[in-house]
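1. What follows is a predicted protein model with its sequence.
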Amino acid sequence: MTSSSFPSMRRVLQLLMLLMAVAMLRVPAYGGDEFLPPEQAFRFSAMQVDGQTVEVKFGIADGYYMYRERLAVAADPATVTFAPLELPAGKIKRDENFGKEVETYRHELVFHVRAQSASVPFTLIVTSQGCADQGLCYPPMKSRFQVRPSSASVVPVAPAATAADSIEPEGKQGRIASTLDSGNLGAIAALFFGLGLLLTFTPCVLPMLPIVSAIVVGEHATRMRAAFVSVGYVLGMAIVYTALGVAAGLAGQGLQAALQNAWVLGAFALLIALLSLSMFGLYELRLPAAWHHHLTQASNKLSGGQVVGAAVMGALSALIVSPCVTAPLAGALVYISQTGNAAVGGTALFALSMGMGVPLILVGVGAGNLLPRSGHWLVVTKAVFGFILLAVAWYIVQPVLPSWVAMVGWGALLIGAAVFLRTFDSLPDGAGNVQRLGKVIGVVLALAGAAQLVGVAAGGRDPLQPLAGVLRASTVASTSTLTFKRVKSVTELGAEVRNASAAGKPVMLDFYADWCVSCKEMERLTFTDVRVRKALADVVLLQADVTANNADDQALLKRFGLFGPPGTVFFDTQGREVQARVIGFERADTFLASLRRALGASGAAQPAKAST
């Protein structure tokens, strides 16, 4: 398998995984502009597990998600204190509007709240916030529970108690959970073997390819011996993953949290980076002489020659790159930890590692017969694998780094690779096609690296879209957004609408909040559009900022039956609401169509239709 085949293969596998995910999803709980009330979108329940601990559960409807950083607990009276919340790891989501990465939860969230100084009954106050995929952001929601330290139950306090509280929280989701719940070890092994095959084509397994190839080529192995050595390597890797699965079954979700610790990720990334230096010839990676002697004696008794040594290298490789597969492995570990079954955990992770190992065995067998034993080709190959290892190390540690640091690192890595390809040197006379191709690849890498650095300087924070900051800066320089007059209460709104009616002008009321992602999108993408600004030139623009979510903010939302921003309400020249509301985010073309309906119903001049 050539390195050029990885991108296309990766796209195919990504498409397959997307189709599988779509097949496993249920129909969203909303349609059109209909959104669930927050109590139904984020179903709350709790159970007191001992005198000081309450288990809190959120059943999150499909098509909705919650923010990790918005979760908080408090008590009434305030003299009651709590241990720091130990929240499970969420899914990282890049939020361009806030310029940072946030963690979100879907389907179900379970965590424990532990009181440290409670001797009398108190009210537990849990603050949370979530959004809908269609663009609606709910205001922060507070739910209260009466806790009795000597009791074994928890009683909701009005007004938090709703009919939705009696609904059982959503159970485990997806095919993986149902297969694990079945207890069928054959089905579990087959499922995780397939998942292992998919993991093979991620950047996490790439570092193992040069190791397998180096072992086989270094031993001058025949096809049969190469097969034995490769299988030994994979079995060593399988031992580590099997132990990880057994540990997950016994230890629960704490193991997953440990793997996502910044210090753990940093340590393993450093190990991979140090390993990459051996690929550049800075040192030669070998086992201690005493270890090598004993392993050689033991392995010589086997038909594979270096099977034991290969198994040791496989185990070490699995240890080193295990944090890299944390994202896909995390789901498996969570479900395994929920079973509490060490046999299920060991079987699942052994099958997963064997699925990952099949392509490694194929590469090992092929390397023994197809790869040249020495020469300049191997020097170039080692350098390529060295940069792959460096990229994997940076990929592992990227989630715990600021976005701009990650972009600087990718830029330096890409430009460094271009330098190693001698991109900035002149081609020698009579250069062949391979050298010319290397030159082209080097130029592309150099440009990509420069784009990362330019993007950082321009305020970009996404390595996948490094020049977004440059484009945004040029757009902002040539456009401006709308100017709204803020209203803080229903009374202020009524007064402003009456003033506009007296002047014979229609009104547009926009609901906004600083924590609302879709509001930022409306502000940045829709309200800056020249056509939108022109269409609203004779419209009175009011904005209800509900960021604080205080009593006045809630009254404004309740006045129009809204759950949260963004939302846009129109009034005609007589001060009556026009039935042409905009709920959630709309791009400029769609918003213009809504605006035409609203202004047409109000009797005001309509904007011209967008050309198609």
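-> Happy to help now that I have it.

2. can I assume Tyr67 is in contact with Glu101?
-> No: using C-beta atoms under 8 Å, Tyr67 is not in contact with Glu101; the gap is 11.8 Å. C-beta: built from backbone N, CA, C; applies to glycine.

3. And the contacts of the helix or strand hosting Leu124?
-> Here Leu124, judged by DSSP states H and E, is contained in strand 122-128. Under the criterion C-beta atoms under 8 Å, 6 or more residues apart in numbering, residues 42, 44, 46, 54, 56, 58, 66, 70-77, 80, 113, 115, 140-147, 154, 157 lie in contact with strand 122-128.

4. Buried only: go through the residues you listed for me.
-> Buried subset of the contacts of strand 122-128 (neighbour count, 16 or more other C-beta atoms under 10 Å): 42, 44, 46, 54, 56, 58, 66, 71, 73, 75, 80, 113, 115, 140-141, 143-147, 154.

5. ok, how many other residues are close to Val120?
-> 11 (other C-beta atoms under 10 Å).

6. if I pick it, what's in contact with it?
-> Val120 neighbours (C-beta under 8 Å, 6+ apart): Pro149.

7. so is it in a helix, a strand, or just coil?
-> coil (DSSP: H, G, I helix; E, B strand; the rest coil).

8. quick revisit: narrow the buried ones among the contacts of strand 122-128 to those in strands?
-> 42, 44, 46, 54, 56, 58, 66, 73, 75, 113, 141, 143-147, 154 (DSSP state E).

9. on that earlier part again, so for Tyr67 and Glu101, which sits in the more crowded spot?
-> Tyr67 (21 against 17).

10. if you skip the residues just before and after it, what's nearest to that one?
-> Among residues not flanking Tyr67 along the chain, Gln129 sits closest, at 5.5 Å (C-beta to C-beta, 6 or more residues apart in numbering).

11. With Phe35 instead?
-> Closest to Phe35 by C-beta to C-beta, 6+ apart is Leu136, at 5.2 Å.

12. Likewise for Leu467?
-> Leaving aside its chain neighbours, Leu467 sits nearest to Gly455 (5.2 Å; criterion: C-beta to C-beta, 6+ apart).

13. Parallel or antiparallel, list what pairs with the strand holding Leu124.
-> In the sheet containing strand 122-128, its partner strands are strand 72-76 (antiparallel), strand 141-147 (antiparallel), by DSSP bridges.

14. okay, the ones you listed in JSON lines with distance to Ala351 next?
-> Output for these, formatted as JSON lines (distance: least, C-beta to C-beta, whole Å):
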{"stretch": "strand 72-76", "distance to Ala351": "40"}
{"stretch": "strand 141-147", "distance to Ala351": "41"}
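
15. So which of those strands is nearest Gly460?
-> strand 72-76 (31.4 Å; C-beta to C-beta).

16. So what's the model's average confidence on that closest one?
-> Strand 72-76 comes out with an average pLDDT of 88.

17. can you list contacts of that strand?
-> Contacts for strand 72-76 (C-beta under 8 Å, 6+ apart): 81-82, 85, 113, 115, 118, 122-127, 144.

18. for the next helix or strand along the chain from it, packing partners?
-> Next helix or strand after strand 72-76 toward the C-terminus (DSSP H and E): strand 91-95. Counting by 3 or more C-beta pairs under 8 Å, 6 or more residues apart in numbering; DSSP states H and E, the packing neighbours recorded for strand 91-95 are strand 100-105.

19. Show me what the strand it packs on pairs with in its sheet, parallel or antiparallel.
-> For strand 100-105, pairing defined by DSSP bridges yields strand 64-67 (antiparallel), strand 91-95 (antiparallel).

20. Quickly, which of those strands bottoms out on average pLDDT?
-> Among the strands paired with strand 100-105, strand 91-95 scores lowest, with a mean of 76.

21. where along the stretch 401-550 of the chain do the strands fall?
-> Counting by DSSP state E, counting those that start in this stretch, the stretch 401-550 of the chain has strands at residues 485-487, 507-512, 540-545.

22. which one of those lies closest to Gly432?
-> strand 507-512 (61.5 Å).

23. List of residues touching that closest one?
-> So strand 507-512 is in contact with 484, 487, 493, 496-497, 500, 519, 522-523, 536, 539-547, 556-557, 562, 564-571, 575, 598, going by C-beta under 8 Å, 6+ apart.

24. among those, which are in helices?
-> 493, 496-497, 500, 519, 556-557, 598 (DSSP state H).

25. Report how many residues lie close to the residue nearest to Tyr512 when sequence neighbours are not counted.
-> Nearest non-adjacent residue to Tyr512, counting by C-beta to C-beta, 6+ apart: Cys519, 4.8 Å away. Close neighbours of Cys519, defined as other C-beta under 10 Å, add up to 26.

26. Next, the contact list for Cys519, please.
-> Cys519 touches 137, 511-513, 565-566, counting by C-beta under 8 Å, 6+ apart.

27. if you set the cut-off to 7 Å instead, what comes out?
-> By C-beta atoms under 7 Å, 6 or more residues apart in numbering, the contact list for Cys519 reads 512-513, 565-566.

28. again, but for Leu542
-> 484-485, 487, 493, 496, 507-509.

29. From those, list just the buried residues.
-> Buried among these by 16+ other C-beta under 10 Å: 484, 487, 493, 496, 507-509.

30. Perfect, I'm done here.
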